[in-house]
Each structure stands twice: as C-alpha cells, then as structure tokens.
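*Asks:* Could you work out the structure for the sequence below:
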Amino acid sequence: MKSLEYKNDNLFFDGIAIEDIAKNIKTPFYIYSEDSIKKNIKDYISDASQKTLFCYSVKANSNLSLLKLIASQGMGFDVVSKGELHRAIKAGANPKRIVYSGVGKTKEEIAYALNNKILCFNVESEEELFAINSQASLMKLKADISIRINPDVKVKTHPYISTGMRENKFGIAYEDAFEIYKKAKQLDSINIVGIDFHIGSQIMSIEPYLDSIASVKKLIQKLDTIDIKLSHIDVGGGLGISYKGEKLVDKSEYVKTIINSLSDLDLNIIFEPGRSIVGDCGILVSQVQYVKESSAKNFLIIDASMSELMRPPLYGAYHEITPTRKSEMPNKVYDVVGPVCESSDFIGKERKLNCKSGDLLVIQDVGAYGSVLSSNYNTRPRPAEYMISNSEIKLIRSADTLDQIIENESC
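*Replies:* Numbering: from 1, shown residues only. Below you'll find the model as predicted:
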C-alpha cells in the first residue's frame, strides 16, 4: 500500500509513525493521506483533454473534508442521493459539474437537484424518466438527462458490485434503450444531453470498458438517425485498486485509451472514479484486546469490527492486516475478529501474525467503502477520521458519542 512502510521495525503512514499517532488518538480510527489522494487525481487528469470531466463517486467516501479536497483539484461529483448532493454542494462543488445517478430518486430529490441546477440526471428507468419530466414541468424547468444503458458486458468482480448486466437493478436494458430515448424526445420538460453506462466496481482490466463503448456506439449511431444529438458519454467508474497484490490498471493509460476509443465521436467524456481515488489512501488503526487460542482455532480480538469495516463480512473482501511493530518471533494463524455479537464479525481470516494484547494493527486500503459503510450496530460509536495534510494530523470527523447515537430517540 502506498504511504505505508517500516522504518527501524516501526510502521509509518505518510511519513509519521503510527504508534506515535495512536498515543493521542483512541482506537479504532481512520486516517487518510492527502498527498496520496492528490496523486491519484493527478494520475487521472494530467493527460486528459479539455473535453473530459471527472466526477468523483461520492458513495466511495463522503467525508466533507475529502470532498472539499477533491473539488479543489478540479473534479466534479457523481451523487446517488439528496444527502450526497447536499454534501457535495456544502463542500464547495459546482452543481454544473455534478451528475445524479441512482435507481430510486424521489420527487423531493428530483426537485432538490433541479433547484440546484445540476449538470444532468442519469436516468435508470422509464418511470423515473416520466417522474423527472413531471417534476420539471411543475417547476417550469427543463431537466437535462442522460440515460443509463446496461451494455450487458461481463466483468470479473464480485456479483454484489457488478452493475452492467441485464439482471442487475441498475440502468435500462440495451435492447429497450432506443425506445426509451424516443419517448424522452417527446417529453416537453426533458432535454436529452447524454448516454451513460456503469459496468461495475473493482474492475482490473480496460477491456470491459472498450467492449461497452463498442456496444454503446452502435446505439449512438441509431439515435442519430432520429435526430437525437448527444453532447456527452458517461463511461462510469469502477477501476479497481490492489488489495492483495493484483496488477493495477494505469490510470493515465486507461483515460487515454478511453479517449482514443471515442475519438471518432464529437462528444464530451465523463468519468466517475471513486474507489481508485481514495481506496488506497486510508487505513484503519485498531488495537488487539485479547488473544484467544485453542486447539481448534486462534483468534485476535481487536477493537475494530464489522461496525467499522463492513466489507469483509459483506463481500468476503480481503484487506491486508499489518502490525505496527515488526517482530522476528514466529507467526501463528489467527482469525482477526471484532467484539460485535455476530459470527460474521471478522476483519480477516487465517492470517499469519504475531501479536499480543495491546498491540496495534493496521487494516490497509480502507479509504473507500470503509467509514462510509460503518454503523452504530451494538450501539457502537462510529470512529473518528483524520487526514495527514502537510505532515500535520487533522481531525476531519469526531467519533460519535453515546448521547449522539440516541439523541433522536425517546423513552
């Protein structure tokens, strides 16, 4: 993982010893590297043309400080709820650089987005199209829309994060798209501006994108025959990171390849990266509470859990777990688990480690779908989040208090 290295047997993150950080901060906590986030953004945008727009996928990590940082680097945003749109605007985003995705947009959310004059809606069903038209008509506005197409291209990823197949809930089936565009053209309060696809997450190859583009190009040509002229194509996001030594797709090469594949079309190109901006820029620091060994199974019981990091029990996702102090002592095989009262509460299984109670562990690559998926299950306070900026550690979200957790309840 970038920004993580041992120096004299002590683990450092972004140039600072983690044990020194943890002296003054209660575990578990999240901490991110500002420099790493900036580097990932630069890798995307440095070789891009002026006809490209990069819209960070807010669902990957929606912390306001991260959104403000990402906006300051010239990125727009891809949102999927009124709350995410509110966050992006609060963080200083230009609404004209925001696209609104998601399958279940309510009338209230549509009205909020129209009032804020976003770039466009990514429409995911025929009924949604009519709902947007109806709301825009009530407000005496025209809604700019792009229709999300499922190109039905298979990708090698977990089925829970595959989004571009006809059996997925997202988007409109490729074979139905032309008729939906024809209907959209007849609606008085709709302005067709684009076409969109998103095929999944944690994708480690460019080929599925090229296959999708080839398919969508045929539809664009067909739309041209009925005088539907598009201004942009949105190729979605989904580029993966290396959780377990996987070979990475070079971001700059990916962007150039996509641009070249669309060079014969006079269209702006929208990218929606999320995980690949923040995923490998954050760690979760936790402390071993107890070591529990038996002839059947060994456990390291830590103070982080599925409440703080849902990905392992949700997807069976792998995250490297690293002690903050290197030891020459022999390792044992442990399941690394949390204190939540569920058998599915694990962070890693069958890991070779040498730890004792009180030791610190780092769970790597948690900048995406980490804190944002955390919960208060078992009435556990969500942990604090920090960012290293110019070698300083800044608090960007305080840990919950117990009173905060129950403040909306009554008895």
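*Asks:* What are the buried residues along whichever strand or helix holds residue 134?
*Replies:* According to DSSP states H and E, residue 134 maps onto helix 126-138. With burial defined by 16 or more other C-beta atoms under 10 Å, the residues of helix 126-138 counted as buried are 128, 129, 131, 132, 133, 135, 136. To be clear about C-beta, it is placed using only N, CA and C from the backbone, and glycine gets the same treatment.
*Asks:* what pLDDT does the first one get?
*Replies:* Looking back up the chat, that one is residue 128. Listed pLDDT for residue 128 reads 97.
*Asks:* Can you name the element that comes right after the helix holding residue 134?
*Replies:* Helix 126-138 is succeeded, C-terminally, by strand 143-150 (DSSP H and E).
*Asks:* I'd like to know which elements that following strand is packed against.
*Replies:* strand 120-123, helix 126-138, strand 172-173, helix 174-185, strand 190-196 (3 or more C-beta pairs under 8 Å, 6 or more residues apart in numbering; DSSP states H and E).
*Asks:* Okay, now the unreliable bits of the stretch 101-250 of the chain?
*Replies:* 154-168 (pLDDT under 70).
*Asks:* Now do stretch 100-109: distance to the chain's middle.
*Replies:* How far stretch 100-109 lies from its chain's middle: 18 Å, per C-alpha atoms, centre = their mean, to the nearest Å.
*Asks:* can you offset everything so residue one is 50?
*Replies:* With 50 as the first residue, the last one maps to stretch 149-158.
*Asks:* and residue 236, which of the three is it?
*Replies:* At residue 236 the chain is in coil, as set by DSSP: H, G, I helix; E, B strand; the rest coil.
*Asks:* show me where the stretch 350-460 of the chain has strands.
*Replies:* 370-372, 381-386, 395-402, 409-412, 433-438, 441-446 (DSSP state E, counting those that start in this stretch).
*Asks:* now residue 70: how far from residue 459?
*Replies:* Distance, residue 70 to residue 459, by C-beta to C-beta, to the nearest Å: 39 Å.
*Asks:* who's more crowded, those two?
*Replies:* residue 70 (20 against 5; other C-beta atoms under 10 Å).
*Asks:* and that one, what element?
*Replies:* helix 67-71.
*Asks:* What helices and strands are in contact with that helix?
*Replies:* Packed next to helix 67-71, using 3+ C-beta pairs under 8 Å, 6+ apart, are strand 59-62, strand 331-342, strand 409-412.
*Asks:* about what we covered before: residue 356 is nearest to which of the helices and strands packed on strand 192-199?
*Replies:* Residue 356 lies closest, by C-beta to C-beta, to one member of the helices and strands packed on strand 192-199: strand 169-172, at 31.4 Å.
*Asks:* Quickly run through the sheet partners of the closest one, with directions.
*Replies:* strand 147-149 (parallel), strand 192-199 (parallel) (DSSP bridges).
*Asks:* I'd like the ones you listed laid out as CSV, including mean neighbour count and distance to residue 276.
*Replies:* Shown next, in CSV, are the strands paired with strand 169-172 (neighbours: other C-beta atoms under 10 Å; distance: least, C-beta to C-beta, whole Å):
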stretch, mean neighbour count, distance to residue 276
strand 147-149, 26, 24
strand 192-199, 25, 16
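*Asks:* Now render these as a markdown table, adding distance to residue 287.
*Replies:* Output for the strands paired with strand 169-172, formatted as a markdown table (distance: least, C-beta to C-beta, whole Å):
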| stretch | distance to residue 287 |
| --- | --- |
| strand 147-149 | 15 |
| strand 192-199 | 13 |
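*Asks:* Which stretches in the stretch 200-349 of the chain count as helices?
*Replies:* Applying DSSP state H, counting those that start in this stretch to the stretch 200-349 of the chain gives helices spanning 223-234, 256-273, 300-310, 324-327.
*Asks:* right, so these: which one is the most enclosed?
*Replies:* helix 324-327 (a mean of 28; mean count of other C-beta atoms under 10 Å).
*Asks:* helices and strands around that helix, which ones?
*Replies:* Short answer (3+ C-beta pairs under 8 Å, 6+ apart): helix 324-327 packs on helix 83-94.
*Asks:* Using PDB, write out the CA atom coordinates for stretch 322-339.
*Replies:* The C-alpha coordinates for stretch 322-339 follow below in PDB (Å, rounded to 0.1, in the frame of the first residue of the first chain):
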ATOM      1  CA  PRO A 322     -13.900   7.300 -10.400                       C
ATOM      2  CA  GLY A 323     -14.400   6.600  -6.700                       C
ATOM      3  CA  ARG A 324     -12.500   3.700  -5.100                       C
ATOM      4  CA  SER A 325      -9.400   4.400  -7.300                       C
ATOM      5  CA  ILE A 326      -9.300   8.000  -5.900                       C
ATOM      6  CA  VAL A 327      -9.400   7.200  -2.200                       C
ATOM      7  CA  GLY A 328      -9.300   3.500  -1.600                       C
ATOM      8  CA  ASP A 329      -5.600   3.000  -1.200                       C
ATOM      9  CA  CYS A 330      -5.200   6.300   0.700                       C
ATOM     10  CA  GLY A 331      -6.700   5.300   4.000                       C
ATOM     11  CA  ILE A 332      -6.000   2.900   6.900                       C
ATOM     12  CA  LEU A 333      -7.900   1.800   9.900                       C
ATOM     13  CA  VAL A 334      -5.900   1.500  13.100                       C
ATOM     14  CA  SER A 335      -7.000  -0.900  15.700                       C
ATOM     15  CA  GLN A 336      -5.700  -2.400  19.000                       C
ATOM     16  CA  VAL A 337      -5.600  -6.100  20.000                       C
ATOM     17  CA  GLN A 338      -7.900  -6.500  23.000                       C
ATOM     18  CA  TYR A 339      -7.500 -10.200  23.600                       C
END
